[in-house]
Structure formats: C-alpha cells, structure tokens
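Trainee: Build me a model from this:
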Amino acid sequence: MPLSVVILAAGQGKRMKSDLPKVLQPLAGRPLLKHVIDVAQSLEPADVHVVYGHGGERVREALRDEKVNWVLQAEQLGTGHALMQAMPHIAADRTVLVLYGDVPLIQQSTLTQLVELAGPRTVSLLTMMANDPNGYGRIVRNARGQVQKIVEQKDATKTQLKIRECNTGILAAPAKALKSWLSRIKNNNAQGEYYLTDIIALAVKDKVKVAALVSPTVAEVLGVNDKVQLAEVEALRRQQICRDLMLAGVTLADPARVDVRGTLRHGSDVFVDVNVVFEGTVVLGNRVRIGPNCVIRNAQIGDDTEVFASCVIDNANIGPRCQIGPFARFRPTSTLAEGVHIGNFVEVKNSSMGAGSKANHLSYVGDAQVGSRVNIGAGTIVANYDGANKHRTIIEDDVHTGSNSVLVAPITVGSGATIGAGSTVAKQVPPGKLTVARARQVTIEGWQRPKKQPKAS
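Mentor: The predicted structure follows:
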C-alpha cells in the first residue's frame, strides 16, 4: 500500500515559555519540526501532510521550502481531531503513518519496521518500555498479551498506572479504516479532547489486529515540551552523532564537548579537540586536525590541514596542507589554495589566497585576490571599504608587504613587489620593485610633552 505521512504539529507548547512556536524551537541548529520532516521524507512516501495550528504562518514561513501539504487545525481539540483535518487529503488505499512535530529523534529504521507491520487489516503501534511511565498513556493488554486499548494517565486506574509499557503516539494504519475510527471517537474524557489513542480500542472491537513494536530505545521517542526536555534531547542527539563519528574512525578528544548542528562528512584519521561546533554542511579531508574552541560553518577543509585553537571558519573553502590560527577568522566566500598559512588574529573575508601564501599575524585581507607565495606582513590590512562600497584588490605572486602596511583598494600590487613597512599604498604598485609610502621621520628639537595639572587636594 502507498504510504502517506501525517505530522501533528499544531500544539502551542506553553511550557516552553517562548514566543517561538514549539515546533520551531531549535535542536542542533534546526527546528524540531524540520528533523521530523526529514525522517518522514527519508521513507519516500507518496505525500507528507503537516497539521499546524499555533504560530500558524510563522511555522509555514520558516519551513516554506519543504515539500509538504500544510493542513490547518484552527481549534486545538486533541490529536484525534488534528488527524481528522488531514484525512480528507489522503486516498483510501494508503497506509497512514502518524508522527509528531516535537518527537525529533525518531529513526528511519524504526519507522520502516513499523510501516512494514501495518496492513489492510493491521494497525501497527510504536510503544516503549519506560523506567518512569509517569505522564504517558499505558498500553493495556489482555491475558494473551494482545493489545486491547491505550489509557491516558488521567483516566487510568491504579492498576493501569503500574504498567510500564507506554504509548508513543506513533502508529501506522490503513487509511479507509482510520477514517471510520476517527468518525467514531468521543471526547468524554478528563481533557474533553478527541484522543487519537481511542482508535486502538475501536480497531480491537472491529477485530483488526494491533501489532505493537517496542521502540529499540526510549531516547528516539522522547517528546519535547519544555526547555529542560529540549536540552535533554539535544544531549542525546549529540551523543548519538558523536558515537557514529567515532565508530567511523574520527578521534574526538571528548565526545561530550563536540556539537554537530548539521551534517559532518569526513575522511580518515580526523582529530577533533574539545568545544568544537560544526554548523550546516562541513567536509573534513583526511588527517585534518581541529583544535579546541573552534566554530566551523558550511566549510570544506582539505587533507592534512590543521586548524589551531579558537578559530571561526564560516562558508570558506580551505585547501590541503594549510595551517590556520589560532584565533583566525574566515568570513564567507574565502578560499585558500594548498599550503597557505593564516596565523593568529588574522581575518580573511571574500578573498582567495594562492598556494604557499602567508598572513601570519594581526592582518585583515578583505575582498582581495592574493597570488601564490605572497607574504602579508604583521599588521597589514587591505582597506576595501570607502564608507559606501566595497572594492577589490589584486596582489600578484611573490609579493611581500612590510609590517603595518595599508593597501587602499582598488589597486593592483604587481608580481614580486615589496612594500616597505608602515606604508599606506593607494596607487598601483609596479612589479619587482620596492615601494615605500610614508612620511619622512623628523625629530623636533625643544619639544616638550604637555604636563597634567596636579589635582586639587
């Protein structure tokens, strides 16, 4: 049967105590709902429907590029009511998989098993064995171990409250039967809501098999209702990613202090020190070493490159055998060729640097095209901004700039040129020559430094 996925994401999330809708709260740099949409799409369903409500247009706008059908739940009348809103958009011959926008760690492998259990006369239900079942609906089975119903905690008896097998809310069911059951559920419960869980008892009454699949871990079915739970889920996700990285051969100095907020691809023998944050899509080549306290965002770093402590690399392409930092910053669209050295307190912005070039100390290279084997002296800056517009500077091969030089764009510094220390260069620099642009040194005889007046006592 073709698969349709419905993601229930209409909850307000009052316990978050935030103006941001709950499903847009960030987990690993992406909204909670984005994680669920991604795992739903990985199943290659015929369609994905997202039932939204609280925060309405903010949710749709934040995820406007997602290939989903948005379904509005104008009134918050429970999970059963939410699913009712989506069912008119789903053909009767489908299997319907129900997910939740605040359960972000659910795994594709688990959902695949769950969907395979479902059929024309079978509902599959994902459950979990909780050490502390407080707050969860309980799975009630008969003497033969067959699922009979789900009882919400507020409606459970003392005996039912002792049950450890709990409902996750995630299920798969045939669409035709599901529509029938949803039309029959009532709201005569403590909350006055239409519970999706009530369809299990209706399925049993109609002699439809309920196949329960126990989740491999509790972690992947945890919901997020407040900032404490958000932090717990964040830690669990980080733990899983770091475990996968280490099993794939990456050395992490301390997996508890590495944060991957996106996708990290890597070669062999990569080393990552503590307190490193990866954001977006990051690619690390073979034998790359990342020092402590670095932030690397949407970047590619070539083989055998070492990034020393406390660097920020943002949307940059770093070539092989480079040395970066410590305390270096790359702003977007910067590119380094092979063997470039960028040292402490150097900033590179929207610039390219050729093979073997160096900027080792206290420099700013902005909007520049730097050739090969160039040496940028300590304190050199490329003055690229005139207060209104940015201008390009071209520095050809084998140029050396003296310390504390200023290159005022737009200019071209010719191949092999040397710029004397302390020069402010605002005109073209000819190749192969020494250019000095600074005032003559003068000593003023008889000059005295002004003296401060003594303070009144």
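Trainee: Helix, strand or coil: sort out Ala190 for me.
Mentor: What DSSP: H, G, I helix; E, B strand; the rest coil gives for Ala190 is coil.
Trainee: can you map out the helices along this structure?
Mentor: Secondary structure of the chain (DSSP state H): helices located at 32-42, 56-62, 79-86, 108-117, 158-161, 175-184, 198-205, 227-247.
Trainee: Tell me where the model's unsure across the chain.
Mentor: For the chain, the stretches with pLDDT under 70 are 457.
Trainee: And it, split by domain according to the record?
Mentor: Here the domain parsing of the chain from automatic domain parsing is 3-221, 227-435.
Trainee: and these as a markdown table, adding distance to Gly446 and mean neighbour count?
Mentor: Any C-beta I mention is one placed from the backbone N, CA and C, and that applies to glycine too. Converted to a markdown table, those look like this (distance: least, CB to CB, whole Å; neighbours: other CB atoms under 10 Å):
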| stretch | distance to Gly446 | mean neighbour count |
| --- | --- | --- |
| domain 3-221 | 64 | 18 |
| domain 227-435 | 26 | 19 |
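Trainee: mind checking which of the helices of the chain is nearest Leu20?
Mentor: helix 56-62 (7.9 Å; CB to CB).
Trainee: CA atoms only for that closest one - export them in CSV, please.
Mentor: Provided in CSV are the C-alpha atoms of helix 56-62 (Å, rounded to 0.1, in the frame of the first residue of the first chain):
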residue,chain,number,x,y,z
GLY,A,56,0.4,29.2,12.0
GLU,A,57,2.0,31.3,9.4
ARG,A,58,5.4,31.5,11.3
VAL,A,59,5.7,27.8,11.1
ARG,A,60,4.8,27.7,7.4
GLU,A,61,7.2,30.6,6.6
ALA,A,62,10.1,29.1,8.5
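Trainee: Now do it: distance to the chain's middle.
Mentor: Offset of helix 56-62 from its chain centre (CA atoms, centre = their mean, to the nearest Å): 19 Å.
Trainee: And stretch 345-353, by the same measure?
Mentor: Distance, stretch centre to chain centre, for stretch 345-353: 25 Å (CA atoms, centre = their mean).
Trainee: Start and end of that stretch, how far apart?
Mentor: 17 Å (CA to CA, to the nearest Å).
Trainee: can you list contacts of that stretch?
Mentor: Applying CB atoms under 8 Å, 6 or more residues apart in numbering, the external contacts of stretch 345-353 come out as 316, 327-337, 340, 342, 359-370, 374, 382, 384, 390.
Trainee: Which members of these occur in strands, if any?
Mentor: 316, 329-330, 334-336, 342, 359-361, 364-366, 368-370, 382 (DSSP state E).
Trainee: Let me have the helices of the chain in a markdown table, adding distance to Asn142 as columns.
Mentor: As requested, the helices of the chain are exported to a markdown table (distance: least, CB to CB, whole Å):
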| stretch | distance to Asn142 |
| --- | --- |
| helix 32-42 | 33 |
| helix 56-62 | 41 |
| helix 79-86 | 23 |
| helix 108-117 | 19 |
| helix 158-161 | 13 |
| helix 175-184 | 20 |
| helix 198-205 | 9 |
| helix 227-247 | 33 |
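Trainee: how close does the spatially closest residue to Ala219 that is not a sequence neighbour get to Leu284?
Mentor: Closest residue in space to Ala219, ignoring its immediate chain neighbours: Leu236 at 4.6 Å, by CB to CB, 6 or more residues apart in numbering. As defined by CB to CB, to the nearest Å, Leu236 lies at a distance of 24 Å from Leu284.
Trainee: Would you mind confirming that Met128 makes contact with Ser215?
Mentor: Yes - Met128 is within contact range of Ser215, at 4.6 Å (criterion: CB atoms under 8 Å).
Trainee: anything in contact with each of the two?
Mentor: 168, 221.
Trainee: so His400 touches Ala378, yeah?
Mentor: No - using CB under 8 Å, His400 is not in contact with Ala378; the gap is 12.0 Å.
Trainee: who's in contact with the nearest residue to Glu220 once chain neighbours are set aside?
Mentor: Spatial nearest neighbour of Glu220, excluding adjacent residues (CB to CB, 6+ apart): Leu105 at 4.5 Å. Contact analysis of Leu105 by CB under 8 Å, 6+ apart lists 35, 219-222, 233, 236-237, 240.
Trainee: need the contact list for Glu279.
Mentor: Glu279 makes contacts with 29, 261-262, 295-298, as judged by CB under 8 Å, 6+ apart.
Trainee: what are the bridge partners for it, then?
Mentor: On the basis of DSSP bridges, Glu279 is bridged to Arg261, Arg297.
Trainee: swap in Ala173?
Mentor: Residues in beta-bridge contact with Ala173 (DSSP bridges): Val96.
Trainee: residues in contact with it?
Mentor: 95-96, 98, 118, 123-124, 181, 199, 203.
Trainee: Please apply the same query to Phe271.
Mentor: Taking CB under 8 Å, 6+ apart, one finds 250-251, 253, 288-290 in contact with Phe271.
Trainee: what's the answer for Leu171, then?
Mentor: Going by CB under 8 Å, 6+ apart, Leu171 touches 97-98, 114, 123-126, 196.
Trainee: ok, Leu32 touching Val23?
Mentor: Yes - Leu32 is within contact range of Val23, at 5.2 Å (criterion: CB under 8 Å).
Trainee: Overlap in contacts, these two.
Mentor: Joint contacts of Leu32 and Val23 (CB under 8 Å, 6+ apart) are 101-102.
Trainee: Not counting stretch 13-20 itself, show me its contacts.
Mentor: The contact list for stretch 13-20 (CB under 8 Å, 6+ apart) reads 21-23, 25, 54-55, 58, 102, 225-227, 230.
Trainee: Which single one of these is nearest to Ile394?
Mentor: Arg58 (45.5 Å).
Trainee: Who are the contact partners of Ala92?
Mentor: Ala92 is in contact with 175-176, 179, counting by CB under 8 Å, 6+ apart.
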